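1. Next come a sequence and a model predicted from it.
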Amino acid sequence: IWIGDSGNTTLVRSWFILQTHPTDELKNANNDAWVPNLNSMNWGTTRIEPVEAVYQRCMYIVALANDFLKNLPNAPQGIDQDSFGAQARFCRALAYYTLMDTFGNPPFITESNYSVSPAQIGRDGIFNYIESELLEIANSDALPGRATGADYGRASKGAAWGLLARMYLNAEVYTGTERYTDCMNACQQVMDQGYQLATQYSALFSGDNTTNPDATQEIIFPVILDGDATQTWANLVAATHPVYVDEATENAGGTAKQEMCLNEWGIREGWAGYRATSELVRMFEFADNDNPAADQILDKRGIFRDHNYNDEELTLRIGSTVVGTFHNNGWWVYKWTNLGHDGQPLYRTEDAATIIWPDTDIPLLRLADVYLMYAEAAARSGQNLSTAVSLVNQLRARGYENQGNYTINENWLTASAPVGYNGPSVPYGNILNERERELYWEGQRRTDLIRFGLFTGGTYLWEWKNNAENGAATNERYNLYPIPQTDMQANGGLTQNPGY
């Protein structure tokens, strides 16, 4: 894969970009050529690095899995072919799910139908294939219920059921047919595997979330990062923290700045890239909602900084210029960190100059998401509402640290409600808001907004949608990304997505 910025060749970073940058969660201050297109939801078929990377990386995973499965019968005696085969099939299913969600109708190829020009089988065809694969995996004995110990980070029954639940929740988007009862059943299968909520929300996004049992008991399937073993630029720590710190430290020279960065967020540098929109900040409850302040937030899941290190206030709205304004416009999000869950550095200060890459795993599936998927499916189908209310209240109790009036009821669950602080009222709007409070900056927002019919069009506007400071309507074609021209040219049998 040839891409100008090597960091954008990594799947998790590029997938995160596609899922968050065009939404109401985040705007990117970096000056890469493609950034304005994704910030403003205004792209075409011209090469955009993260779009290319997600497509090519997922197809590469499919190719690797196909080759592995084709040759697995030749494995030496003693190799657990059932387990390794199920793990490869899960990874392939996850790659196809990502392609289906972002591109709709990718080319389809397995170890059984090899072709240099694979055909498309339709979005519903891809859905049916993924479903059959995951059901066979989840109902077999090839994988453990949970992947723990040395197997942590590998596929499990919990991961297979969790991915199925996500597919079923969005099935009406993918196939035109709702599958809410199936979603609830898949969620219940995940919950039956013995996962537990972490007691500390921030521990899920800390540098020791691989080894901290409070975090690992909730994480179902992570992308594992290790500062020594996986030295990748695909991290959400540097990208979300500042390049410049306070003036005194900047002027001190030597390793002073690297040491400060290490103590503040766990690695030696920041890139001043991603920061919050005002819509994200106002999704949370403050002591004074009309005048929010980061240290007055009531829901502790909102982990923000509203002043830079020179103690200058960061504006709540990003303002008239998006690129290059990280240190003044938009609150900083300190959800992702390479510090320990106790807020302390994992490395010695004197080693600061060498701590470049984070150890923070990225949870692709975790139990809180399963709770919220169950709750939404229950509300939409009118089933098991009391169970759904209990699950949501557990998440809110953690967020509010059991303080104040945080509990919800069945009416809250099923009501129409405004999106965020002052958005339009939509059916099940409270659930959409709760998903953002719990899952912001975890790569779910684009998919959620599409499911609620709010990503494109003009019903819901946010800052810099369609390159307008206060937002403007967009074309529905942006619900899918275009199949990259590199593959359209290589495979003349492919059909481009509508509108491109």
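-> Cool, the structure landed.

2. now residue 186: how far from residue 19?
-> 21 Å (C-beta to C-beta, to the nearest Å). Placement of C-beta: from N, CA and C, glycine included.

3. typo on my end, it should be residue 73
-> Note on residue 73: its distance to residue 19, by C-beta to C-beta, is 37 Å.

4. and if you look at residue 100?
-> 14 Å.

5. hang on, the earlier thing: compare neighbour counts for residue 186 and residue 19 and give me the winner.
-> residue 186 (28 against 24; other C-beta atoms under 10 Å).

6. Could you pull up the contacting residues of the closest residue to that one other than its chain neighbours?
-> Leaving aside its chain neighbours, residue 186 sits nearest to residue 165 (3.8 Å; criterion: C-beta to C-beta, 6 or more residues apart in numbering). For residue 165, the contact set (C-beta atoms under 8 Å, 6 or more residues apart in numbering) comprises 183, 186, 187, 190, 370, 373, 374.

7. helix, strand or coil for the nearest residue to the last one once chain neighbours are set aside?
-> Counting by C-beta to C-beta, 6+ apart, residue 187 is the residue found nearest to residue 374 once chain neighbours are left out, at 4.0 Å. Per DSSP: H, G, I helix; E, B strand; the rest coil, the local secondary structure of residue 187 is helix.

8. Touching, residue 187 and residue 373? I think so.
-> Yes - counting by C-beta atoms under 8 Å, residue 373 is a contact partner of residue 187 at 5.5 Å.

9. which of those two has more neighbours?
-> residue 187 (30 against 25).

10. gap between the closest residue to residue 403 other than its chain neighbours and residue 275?
-> Excluding the flanking residues, the one nearest residue 403 by C-beta to C-beta, 6+ apart is residue 298, at 7.6 Å. Distance, residue 298 to residue 275, using C-beta to C-beta: 22 Å.

11. For these two, indicate the residue with more neighbours.
-> Per other C-beta under 10 Å, whichever of residue 298 and residue 275 has more neighbours is residue 275, with 27 against 17.

12. Hmm, residue 240 and the more buried one touching each other?
-> Yes - using C-beta under 8 Å, residue 275 makes contact with residue 240 at a distance of 7.4 Å.

13. What is the neighbour count of residue 391?
-> 21.

14. Quick one: end-to-end distance for stretch 218-230.
-> 23 Å (C-alpha to C-alpha, to the nearest Å).

15. Phi and psi next, for the residue of the chain positioned farthest from its centre.
-> Computed with C-alpha atoms, centre = their mean, the residue of the chain farthest from its C-alpha average is residue 77, at 39.2 Å. Torsion angles at residue 77 (phi, psi; degrees, to the nearest 10) stand at phi -60, psi 140.

16. And it, how close does it get to residue 68?
-> In terms of C-beta to C-beta, residue 77 sits 18 Å off from residue 68.

17. Going along the chain, name the strands of the protein.
-> 26-28, 219-223, 274-276, 304-305, 332-333, 362-366, 416-418, 425-427 (DSSP state E).

18. Any idea which of those gets closest to residue 470?
-> Nearest to residue 470, of all these, is strand 26-28, at 13.6 Å by C-beta to C-beta.

19. so what does the closest one touch, helix or strand wise?
-> Under the contact criterion of 3 or more C-beta pairs under 8 Å, 6 or more residues apart in numbering; DSSP states H and E, strand 26-28 touches helix 35-39, strand 274-276.

20. rounded to a whole number, what's the mean pLDDT of it?
-> The pLDDT scores in strand 26-28 average 96.

21. ok, residues contacting that strand?
-> Contacts of strand 26-28 (C-beta under 8 Å, 6+ apart): 17, 20-21, 35, 38-39, 273-277, 280, 318, 322-323, 330, 333, 441, 463-464.

22. What of stretch 181-190?
-> 138, 157-158, 161-162, 164-165, 168-169, 171, 220, 367, 370-371, 373-374, 377-378, 381, 383-384.

23. Tell me how far the nearest residue to residue 89 once chain neighbours are set aside lies from residue 415.
-> Counting by C-beta to C-beta, 6+ apart, residue 89 lies nearest to residue 133, which is 5.5 Å off, once chain neighbours are set aside. In this view, residue 133 and residue 415 are 37 Å apart by C-beta to C-beta.

24. neighbour count winner among the two?
-> Under the criterion of other C-beta under 10 Å, the comparison of residue 133 against residue 415 puts residue 133 first, with 20 against 16.

25. So the more buried one sits against residue 95, correct?
-> No - at 11.2 Å, residue 133 does not count as touching residue 95 under the criterion of C-beta under 8 Å.

26. Run through the residues that contact residue 338.
-> Neighbour list for residue 338: 206, 207, 227, 237, 265, 266, 267, 346, 355, 358, 359, 360 [criterion: C-beta under 8 Å, 6+ apart].

27. Now do the same contact list for the fifth one.
-> Read that as residue 265. The neighbourhood of residue 265, defined by C-beta under 8 Å, 6+ apart, consists of 237, 241, 334, 337, 338, 339.

28. make it 7 Å
-> Contacts here follow C-beta atoms under 7 Å, 6 or more residues apart in numbering; on that basis residue 265 touches 237, 241, 337, 338, 339.
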